[in-house]
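In: Return a 3D structure for these sequence lines:
(one chain, ligands or ions: 1)
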Amino acid sequence: MQKPKGTVDITPQTIRGWHQLEEAIKSLTQMYHIQEIRTPVFETTEVFHRSVGELSDIVTKETYTFFDRGERSMTLRPEGTAGIVRSLIEQKLYIQPQKLYYTGPMFRYERPQAGRQRQFHQFGVEYFGYEDAASDAEIVAFAVTWLELLGIHDYVLKINYLGDHETKARYTKALVDYFTPIKATLSKDNQSRLAVNPLRILDDASLDLQGLPTIESMLSDAEQEYLQRFSSYLDALQIPFERDPRIVRGLDYYTGIVFEVQSTHPSFGSQTALLGGGRYDQLVAEFGGPQTPAVGFAAGLERVLLAMEYEGVLEPPKDGIDVAVCFMPETATDAFR
Ligand code: HAM
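Out: So this is what the prediction gives:
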């Protein structure tokens, strides 16, 4: 028998790197006073349809969904945020601001390749009840500090701003107006994105964005000002970043700042995103909770481990034996004791 495609056995020979990650997570979350939350690895299917998005690639192509013996549709979590929002409401954690973190396996039915698995692991952080741009900057600073603590330096931080629902809707319409007359020149994938999720077209690295309407031009004054404040906080922390209109993220719930950290190490293949996240101020309310601003990110731990390996900062396995007890057959019991 063999393990399912896209899964990995983590053996005593490879566990050391995981412990390194976990130690850094423990110490840094403690320093930032971020508390751990653990939620189930499966949820009712609706939890992901209503958050990640009915038309997102993740929901339409990648979920492990099954009917349990009671004929209820269940889904193995493809990401952590949705389940945590469900829990925040069910456990009424929203009555005060929360800074939460989680680690654990996630499941996406994707074509396996280096840095892409069907069962992979995420470390994520979610802030609830914090609405200021300082919180977005704190989340980004936390993520970058964690990578630095692990010894990872070859990366670039990319930022984009998707705007609230209205701005996003206006921009989506502008993209539809732009692409519809030239639809025939688009790839098959982009033609279907145009029909279901036009923003995702920008994700296509081969597409020339020259001449395209920019979301920048559609932001309200308040949004411009927010972005400005966010940038000045990152500047104050001396965290360099690039603005990148291609960062549109594959999940529907984002409403403001979005960001990704991508590895720039030459050994990385096409899957360079070490972590990604952003603001999602409407999701708690959409799940039936009170209006609660939220921002977070998640890192793919397998990819972070690859980055550590490429940058030569993985510690060697701790397999040294400290003490050996030798004994004769007649002293076996004493030796055992
Ligand atoms: P995501 O960008 O879909 O965001 O995933 C976050 C990270 O998980 C990616 O940057 C990547 O490192 C890793 N990842 C994703 N798919 C795979 C895969 N098949 N194999 C290995 N690693 C993978 C989210 O999941 C959001 N929940 C992040 C977030 C939290 N936004 C707000 N709060």
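In: who in the stretch 151-300 of the chain is up against the ligand?
Out: For the stretch 151-300 of the chain, the contact set with the ligand under CB under 6 Å from any ligand atom comprises 250-251, 273-278, 296-300. (C-beta placed from N, C-alpha, C; glycine too.)
In: In strands, which of these fall?
Out: Judged by DSSP state E, strands contain the following of these: A273, L274, L275, G276, G277, G278, G296, F297, A298, A299, G300.
In: Test my guess that the second one contacts Y310.
Out: Read it as L274. No. In this structure L274 lies outside contact range of Y310 using CB atoms under 8 Å: 11.4 Å.
In: Between those two, which contacts overlap?
Out: Overlap of the contact sets of L274 and Y310 (by CB atoms under 8 Å, 6 or more residues apart in numbering) consists of S263.
In: Of the two, which one has the most company?
Out: L274 (22 against 16; other CB atoms under 10 Å).
In: can you dump the C-alpha coordinates of stretch 327-336 into CSV?
Out: This file holds the C-alpha atoms of stretch 327-336, laid out as CSV (Å, rounded to 0.1, in the frame of the first residue of the first chain):
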residue,chain,number,x,y,z
PHE,A,327,24.7,-4.8,31.2
MET,A,328,25.2,-8.6,31.6
PRO,A,329,22.2,-10.9,31.3
GLU,A,330,22.1,-11.4,35.1
THR,A,331,21.8,-7.7,35.7
ALA,A,332,19.1,-7.1,33.0
THR,A,333,16.4,-6.2,35.6
ASP,A,334,18.5,-3.8,37.5
ALA,A,335,19.7,-2.2,34.2
PHE,A,336,16.1,-1.9,33.0
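In: give me phi/psi at Q119?
Out: phi -110, psi 120 (degrees, to the nearest 10).
In: brain fart, R72
Out: Dihedral angles for R72 - degrees, to the nearest 10 - are phi -100, psi 140.
In: now F259
Out: Here is the backbone geometry of F259 (degrees, to the nearest 10): phi -150, psi 160.
In: Which residue, neighbours along the chain excluded, lies closest to it?
Out: I159 (4.9 Å; CB to CB, 6 or more residues apart in numbering).
In: and the one you found, helix, strand or coil?
Out: The local conformation at I159, judged by DSSP: H, G, I helix; E, B strand; the rest coil, is strand.
In: Tell me which two of the residues of the stretch 151-300 of the chain next to the ligand sit farthest apart.
Out: Using CB to CB, the two most remote members of those are L251 and L274, lying 16.8 Å apart.
In: Who are the packing partners of the strand or helix carrying T167?
Out: In this assignment (DSSP states H and E), T167 forms part of helix 165-179. If contacts are counted by 3 or more CB pairs under 8 Å, 6 or more residues apart in numbering; DSSP states H and E, helix 165-179 sits against helix 188-196.
In: Mind giving me the packing neighbours of the helix it packs on?
Out: Using 3+ CB pairs under 8 Å, 6+ apart, helix 188-196 sits against helix 165-179.
In: hey, C-alpha coordinates of the helix it packs on in CSV?
Out: Extracted in CSV, the C-alpha atoms of helix 165-179 (Å, rounded to 0.1, in the frame of the first residue of the first chain):
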residue,chain,number,x,y,z
HIS,A,165,-17.2,45.6,-1.7
GLU,A,166,-18.2,48.6,-3.7
THR,A,167,-14.7,49.4,-5.0
LYS,A,168,-14.1,45.8,-5.8
ALA,A,169,-17.5,45.6,-7.7
ARG,A,170,-16.6,48.8,-9.6
TYR,A,171,-13.2,47.5,-10.5
THR,A,172,-14.6,44.1,-11.6
LYS,A,173,-17.0,45.9,-13.9
ALA,A,174,-14.2,48.0,-15.4
LEU,A,175,-12.3,44.7,-16.1
VAL,A,176,-15.3,43.1,-17.7
ASP,A,177,-15.8,46.2,-19.9
TYR,A,178,-12.1,46.1,-20.9
PHE,A,179,-11.8,42.4,-21.6
